[in-house]
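Trainee: Whatever this is, show me its structure:
(one chain, ligands or ions: 1)
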Amino acid sequence: MLYFLTTERLGFRCWTAEDEPLAIGLWCDPQVTALIGGPWSVDAARARLAEEIDQQAKQGLQYWAVFLLANGEHAGCAGLRVYQANEKIYEMGIHLRPAFWSRGFAAEAACALIDYGFGRVGAEALFAGHHPRNEGSRQLVGKLGFSYQRDQLYLPTGLMHPTYLLKRTDALAGARETDAKSPGREFSGPTQTVTLWYEQEKLKP
Ligand SMILES: CC(C)(COP(=O)(O)OP(=O)(O)OC[C@H]1O[C@@H](n2cnc3c(N)ncnc32)[C@H](O)[C@@H]1OP(=O)(O)O)[C@@H](O)C(=O)NCCC(=O)NCCS
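Mentor: Numbering: from 1, shown residues only. The predicted structure follows:
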């Protein structure tokens with residue numbers, strides 16, 4: 001399998017039209033979509049797959065399909081999409097199959113997305129929002145250094161969802177801080193890469 005991005009345990013690749021069974025397996029699981037406007041029908045999962053493929057063609061971004069490097073099992077999706085193009089703000093999203101919850105995979109994937117977003121994509125900020133009862137997402141964005149902005153209506157659930165931003169400057173400051181006290185580091189790898197990328201940028205003429 002061709003991954004364009006990997007972490008210690010995960011590989012990211014683009015969705016293709018042949019992935020319909022994987023898309024249905026993920027998005028037709030009522031546990032996965034319980035807090036993101038589910039349950040979704042098979043047609044809704046197919047439409048979402050088509051939308052992701054279209055996003056990749058138009059923006060070069062997707063909530064990419066994610067797999068375990070160890071055995072190729074499909075874990076879910078994680079990625080970025082354009083949120084406010086003029087301000088270079090991108091939304092980060094992660095949907096994992098229940099068998100992969102609470103094993104640190106979302107945190108691992110998110111670190112790679114933060115790296116990719118600020119390094120490769122040139123984002124100024126990353127946006128995230130979640131269902132008010134989604135404790136996993138709340139914990140995750142807090143640990144990643146996102147700052148709460150406001151509650152905002154999310155049409156798929158019809159509820160006000162807390163929303164957050166991680167600004168590039170804050171991500172870089174956080175990266176330096178965590179690198180400086182590496183014994184207390186929560187997530188390995190990616191934050192250091194962000195710092196390295198930033199240092200290289202500064203050296204450019
Ligand atoms: C939300 C989701 C991405 C979290 O993924 P995960 O792999 O279980 O998260 P992690 O294991 O990386 O955990 C990150 C932190 O959140 C905490 N956490 C995860 N799930 C939690 C829950 N249900 N309740 C409280 N805390 C939780 C973890 O304990 C961890 O904190 P810690 O480092 O202090 O232990 C996953 O549950 C999911 O895909 N849900 C369905 C789709 C969805 O709702 N996506 C979010 C859209 S906003």
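
Trainee: Let me know how buried the closest residue to residue 11 other than its chain neighbours is, in neighbour terms.
Mentor: Nearest residue to residue 11 in three dimensions, chain neighbours excluded: residue 3, at 3.5 Å (Cβ to Cβ, 6 or more residues apart in numbering). C-beta: built from backbone N, CA, C; applies to glycine. Residue 3 is flanked by 16 other residues according to other Cβ atoms under 10 Å.

Trainee: same thing with residue 170?
Mentor: Per other Cβ under 10 Å, the neighbour tally for residue 170 reads 14.

Trainee: now swap in residue 24 and tell me
Mentor: Neighbours of residue 24 (other Cβ under 10 Å): 19.

Trainee: With residue 156 instead?
Mentor: Residue 156, neighbours per other Cβ under 10 Å, totals 13.

Trainee: wait, it sits on residue 37?
Mentor: Yes - assessed by Cβ atoms under 8 Å, residue 156 is found in contact with residue 37 at 2.8 Å.

Trainee: where in the protein is pLDDT low?
Mentor: 1, 174-205 (pLDDT under 70).

Trainee: and the top strand by length along it, what does it pack onto?
Mentor: Using DSSP state E, we find that the single longest strand of the chain is strand 74-84. Applying 3 or more Cβ pairs under 8 Å, 6 or more residues apart in numbering; DSSP states H and E, one finds that strand 74-84 contacts strand 10-13, helix 20-27, helix 42-59, strand 63-68, strand 89-96, helix 105-115, strand 125-129.

Trainee: Before I go, just wanted to say thanks for your time.
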